[in-house]
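Colleague: return atomic coordinates for the entry below.
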Amino acid sequence: MSYYLFALVDGGGTVPPELGAARRLVTRGHRVQVLAEDSMRDEVVGTGAVFLPWVRGINRPDRAPEHDVLRDWECRTPLQLFKRMLDMVLAGPAPGYAADLLVAVDGQRPDMVVCSFFSVGAMVAAEAAGLPYVVLMANIYGLPARGMAPFGTGGKPAAGLSRGRDPAITALVARQWNKGLDRINALRRTFGLGPLDDFWDQVRRANKILLLTSPAFDFPAQMPDNVCYVGPVLDDPQWAVADTGVPPPGDGPVVLVAMSTTPQDQVDCLQRVVDALSALPVRGIVTAGPAVDPKALRPSRNVAIVESAPHSEVLKCIDVVVTHGGHGTVIRSLAAGVPLVVMPQGRDQADNAARVESRGAGVTIESNASPATIGAAVKRVLEDPSYGQAAKRLGDSIRADAASDMLVRELER
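Modeller: Numbering: from 1, shown residues only. You can find the predicted model right below:
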């Protein structure tokens with residue numbers, strides 16, 4: 001039996017796969033403790049791991065919009081978003097995460113620290129304590145890699161004259177992230193560690209970076225030696241209520257609508273999707289998620305609106321999914337062989353949409369699309385069988401990767 005200490009930040013859709021890793025270790029008899037936010041307490045306890053709350057790090061009581069520290073939907077420019085990410089998520093809270101992790105390891109030294117991508121301060125503390133640490137990326141690779149478009153741009157692999165695009169954008173983005181480098185290096189100095197040259201070098205110094213996705217879904221790229229695909233974790237979130245998500249009566253195609261777990265100011269987008277489905281001969285199911293009150297949406301006779309539902313069960317009867325493009329929703333839909341209409345709102349969502357489109361498993365439309373445009377996209381995917389066929393082919397590979405024990409083997413190695 002080994003002792004694993006997880007250091008996790010509530011990233012919404014990243015939580016089920018990260019805690020899926022914890023659950024698998026507990027099942028195999030390992031001792032697991034999880035430093036996390038109170039918003040994750042019940043989900044952590046549900047894995048069988050011991051919950052430890054962040055005290056000096058960010059600790060939100062729940063996923064309500066008023067407790068969201070980033071509020072990225074308010075950002076009007078990329079520069080404003082970079083600053084908020086550094087101040088509120090990455091560099092700003094890093095000393096608190098580092099202090100809490102050192103308290104947790106005092107007197108009970110773990111064999112490994114398992115960090116979320118956002119808990120940079122915990123990585124610093126693990127390095128200072130001489131502990132091996134692994135970083136979980138519950139999506140595609142988020143750092144620059146040769147052959148892959150910069151994260152968040154929604155770009156496809158460059159070819160021909162466009163090959164100069166990626167290095168130029170990467171350099172521009174690196175300058176923004178490195179505005180937080182002084183704070184990380186100041187934290188490292190307090191522990192007697194040398195300076196880093198790049199903000200993301202703290203992540204790169206991990207013993208392993210485990211990508212919780214399928215290489216069949218991702219674009220090929222030249223990854224560092226410590227990066228490893230371990231397959232997606234398809235676990236439903238614990239807050240997804242069973243026996244919900246039943247479509248309205250009838251025999252028309254069924255459309256699942258699922259937007260973000262965390263606040264992204266998505267009520268208006270959800271309403272436009274409901275309005276679009278109300279004009280089609282389909283049956284809709286909207287899972288509002290913990291960030292949206294279902295009562296904020298105007299209902300329709302052919303669209304059921306519920307707080308939540310276990311997508312792994314609901315997807316068995318779904319013909320198309322309309323989503324913001326979060327990795328969890330996308331990868332579960334594809335694993336079920338269901339094509340998608342993706343409406344990216346930010347974060348990694350445009351990147352996921354690009355992968356869906358490039359595999360022929362769905363279409364992408366703007367997040368501010370009108371009901372008519374949304375309806376046309378849904379109709380297109382429903383009527384063209386090639387989208388469903390592509391989703392099923394990709395789903396075969398995704399399910400095989402998810403069924404492997406690569407994740408646990410890498411953590412135990």
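
Colleague: now the helices for the stretch 251-400 of the chain?
Modeller: 267-278, 311-314, 327-335, 349-358, 371-383, 385-403 (DSSP state H, counting those that start in this stretch).

Colleague: ok, residue 30 - contacts?
Modeller: Contacts of residue 30 were listed using CB atoms under 8 Å, 6 or more residues apart in numbering, and they are 1-4. Placement of C-beta: from N, CA and C, glycine included.

Colleague: is it correct that residue 151 is in contact with residue 137?
Modeller: No. Contact between residue 151 and residue 137 fails when scored by CB atoms under 8 Å: they sit 10.4 Å apart.

Colleague: give me the nearest residue to residue 149, chain neighbours excluded.
Modeller: Nearest residue to residue 149, sequence neighbours excluded (CB to CB, 6 or more residues apart in numbering): residue 155, at 2.8 Å.

Colleague: go on, residue 99?
Modeller: Residue 99's closest residue in space is residue 56 (CB to CB, 6+ apart), at 4.7 Å.

Colleague: contacts only, for residue 367.
Modeller: Shown in contact with residue 367 (CB under 8 Å, 6+ apart): 269, 324, 343-345.

Colleague: now with 6 Å?
Modeller: Neighbouring residues of residue 367 by CB atoms under 6 Å, 6 or more residues apart in numbering: 269, 343, 345.

Colleague: most neighbours among the residues you listed, please name it.
Modeller: Each of those was scored for neighbours by other CB atoms under 10 Å, and residue 343 scores highest at 27 neighbours.

Colleague: neighbours around residue 41, how many?
Modeller: A total of 15 residues lie near residue 41 under the criterion other CB under 10 Å.

Colleague: in which helix or strand does it reside?
Modeller: According to DSSP states H and E, residue 41 maps onto helix 41-46.

Colleague: note down every partner strand of the following helix or strand past that helix and its orientation.
Modeller: The element immediately downstream of helix 41-46 (helix or strand, assigned by DSSP H and E) is strand 50-53. Sheet pairing for strand 50-53, assigned by DSSP bridges, gives strand 31-36 (parallel).

Colleague: what comes into contact with the strand it pairs with?
Modeller: Counting by CB under 6 Å, 6+ apart, 3-8, 22, 25-26, 44, 49-52, 104 sit against strand 31-36.

Colleague: and of those residues, the nearest to residue 142?
Modeller: Within those, the smallest distance to residue 142 is 15.9 Å, found for residue 8 (CB to CB).

Colleague: my guess is that closest one contacts residue 116, does it?
Modeller: Yes. Counting by CB atoms under 6 Å, residue 116 is a contact partner of residue 8 at 4.6 Å.

Colleague: with neighbour numbers in mind, choose between those two.
Modeller: residue 8 (27 against 24).

Colleague: the strands in this protein, which residues?
Modeller: Assigned by DSSP state E, the chain shows strands spanning 3-7, 31-36, 50-53, 112-116, 133-137, 208-211, 227-229, 254-258, 283-287, 303-306, 320-323, 340-342, 362-364.

Colleague: single out the most deeply packed of the ones you listed.
Modeller: Mean neighbour count (mean count of other CB atoms under 10 Å) peaks for strand 340-342 among those, with a mean of 29.

Colleague: who are the packing partners of that strand?
Modeller: Helices and strands touching strand 340-342, by 3 or more CB pairs under 6 Å, 6 or more residues apart in numbering; DSSP states H and E, are helix 349-358, strand 362-364, helix 371-383.

Colleague: show me the contacts for the residue lying closest to residue 40 once chain neighbours are set aside.
Modeller: Leaving aside its chain neighbours, residue 40 sits nearest to residue 10 (5.4 Å; criterion: CB to CB, 6+ apart). By CB under 6 Å, 6+ apart, the contact list for residue 10 reads 37, 39-40.
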